[in-house]
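A.B. asks: What follows is a predicted protein model with its sequence.
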Amino acid sequence: MQIEVAQRLQHTEEYYFSKKLREIDAMNKRGAQVINLGIGSPDMPPHPDVLQVLKDEASKTSTHGYQSYRGVAVLREAMADWYVRYYQVHLNPQTEILPLIGSKEGIVHICMTYLQEGDEVLIPNPGYPAYTSAVRISGATAISYELRAEENWQPDFEALEERDLSKVKMMWVNYPHMPTGASATLALFEKLVAFGKKHHILICHDNPYSFILNDKPLSLMAVPEAKEVAIELNSLSKSSNMAGWRIGMLIADEKRIDEILRFKSNMDSGMFLPLQLAAATALRLDPSWYSELNTVYTRRREKVFRILDILGCTYDLSQVGLFVWAKVPESHADGYVLSDRILQNAHVFLTPGGIFGSAGKPYIRISLCAKEEVFDQAIERISNTHQS
């Protein structure tokens with residue numbers, strides 16, 4: 001019996017990495033031992049104090065029941081304190097913070113709360129594919145706006161002003177930018193807030209990379225009056241090595257928090273309490289945690305630069321975040337061709353930039369989530385098999 005999927009999924013394909021991991025798994029079963037430098041899943045553990053809190057709290061008989069959709073007060077207060085210390089943003093922990101089961105969940109929650117058929121949403125190209133998927137699932141239409149290297153991967157506001165924005169209800173942005181590693185600036189955030197206010201567009205800022213190889217974390221919410229027109233997502237996945245824990249947060253005006261809860265409260269039953277208490281511990285760590293983390297990532301990034309030099313790629317030394325973005329040499333048609341060649345010949349997987357949009361096709365992206373010895377192995381394999 002054939003049961004068709006709903007129309008909302010007709011143009012929503014399986015996530016690229018989900019398919020690629022199956023291909024890599026099949027290669028490994030044939031003995032390939034593929035080195036995967038594609039996915040940004042931190043390979044280092046959380047701080048020992050965080051793990052100890054999780055262990056202690058999970059062993060209690062009183063911590064296994066359903067939890068509030070809004071999260072426990074101690075977690076929201078830790079999130080508010082974290083925003084003050086590192087972003088200089090003051091939030092009301094009772095009304096302006098919503099803990100999430102991962103910030104990717106928040107992308108869907110926001111889209112399902114505010115979008116419907118007939119609405120349009122501005123999506124960065126290149127950009128995180130989940131934005132487009134969530135918009136399509138909501139029934140709205142994703143409208144791409146291209147980012148260019150010569151403009152430091154920032155929106156071209158003059159070009160946006162020339163568009164018909166009458167149906168645009170939302171704009172997704174992400175700085176530090178993934179996949180390009182372009183840094184956030186306060187001037188950019190001020191332009192985004194002004195653009196949103198002028199055109200009555202909800203600015204949705206996804207901010208999970210602000211601590212990685214970046215000594216000046218910034219929040220869109222630092223702009224005066226940003227709460228009138230913006231929502232910010234943040235996460236412990238990258239900054240605290242807690243990707244599999246699925247702990248994120250949504251920052252917004254009280255009214256928007258209440259609106260999003262109308263959808264979220266029908267989708268889950270709150271976060272496991274020991275996870276919330278351990279996350280609060282992670283948020284209270286002193287700055288040395290981030291410094292030590294970035295010392296490791298700095299050494300790894302030098303290894304990635306070596307790989308890119310062997311491949312003849314060009315790249316920006318000032319980029320930040322958990323990946324390195326690089327333009328492939330003209331001898332290759334695009335990043336897909338180079339990625340497939342390295343996978344088949346050297347058994348090393350590098351992400352083709354085209355999965356992030358048409359503007360990313362001439363690029364590849366390499367994750368920093370592997371130990372130095374693994375990068376050394378990748379360098380040796382690529383050196384032995386690659387010819388420019």
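C.D. replies: Good, I have the coordinates.
A.B. asks: Could you list the buried residues of stretch 178-191?
C.D. replies: Met178, Pro179, Thr180, Gly181, Ala182, Ser183, Ala184, Leu188, Phe189 (16 or more other Cβ atoms under 10 Å). C-betas here are computed from N, CA, C, even on glycine.
A.B. asks: what is the mean pLDDT for stretch 283-303?
C.D. replies: Mean pLDDT, computed over stretch 283-303, is 97.
A.B. asks: Now do it: distance to the chain's middle.
C.D. replies: 18 Å (Cα atoms, centre = their mean, to the nearest Å).
A.B. asks: if we can go back for a sec, from the buried residues of stretch 178-191, which has minimum pLDDT?
C.D. replies: Lowest pLDDT of the buried residues of stretch 178-191: Ala184, 91.
A.B. asks: So it versus Ala222, what's the distance?
C.D. replies: Counting by Cβ to Cβ, to the nearest Å, the gap from Ala184 to Ala222 is 10 Å.
A.B. asks: before we move on, what about Pro42?
C.D. replies: Per Cβ to Cβ, Pro42 is found 26 Å from Ala222.
A.B. asks: Pick out whichever of these two has more residues nearby.
C.D. replies: Pro42 (21 against 18; other Cβ atoms under 10 Å).
A.B. asks: Could you pull up the residues touching that one?
C.D. replies: Counting by Cβ atoms under 8 Å, 6 or more residues apart in numbering, Pro42 touches Ser237, Lys238, Asn241, Met242, Ala243, Leu322, Cys369.
A.B. asks: Identify each of the strands in the chain and give its residue range.
C.D. replies: Secondary structure of the chain, counting by DSSP state E: strands at 35-36, 97-100, 120-125, 141-146, 168-173, 202-206, 230-235, 248-251, 314-315, 323-327, 348-349, 351-352, 363-367.
A.B. asks: Redo these as CSV? Include mean neighbour count, distance to Leu277 and mean pLDDT.
C.D. replies: Formatted as CSV, the strands of the chain follow (neighbours: other Cβ atoms under 10 Å; distance: least, Cβ to Cβ, whole Å; pLDDT from 0 to 100):
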stretch, mean neighbour count, distance to Leu277, mean pLDDT
strand 35-36, 22, 32, 94
strand 97-100, 24, 12, 97
strand 120-125, 24, 35, 98
strand 141-146, 17, 38, 97
strand 168-173, 24, 31, 98
strand 202-206, 24, 26, 98
strand 230-235, 26, 18, 98
strand 248-251, 26, 15, 98
strand 314-315, 15, 41, 97
strand 323-327, 26, 31, 98
strand 348-349, 24, 37, 96
strand 351-352, 26, 35, 94
strand 363-367, 26, 30, 97
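A.B. asks: Can you lay out these as CSV showing distance to Val53?
C.D. replies: Converted to CSV, these look like this (distance: least, Cβ to Cβ, whole Å):
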stretch, distance to Val53
strand 35-36, 31
strand 97-100, 16
strand 120-125, 37
strand 141-146, 40
strand 168-173, 34
strand 202-206, 27
strand 230-235, 19
strand 248-251, 18
strand 314-315, 39
strand 323-327, 30
strand 348-349, 35
strand 351-352, 34
strand 363-367, 28
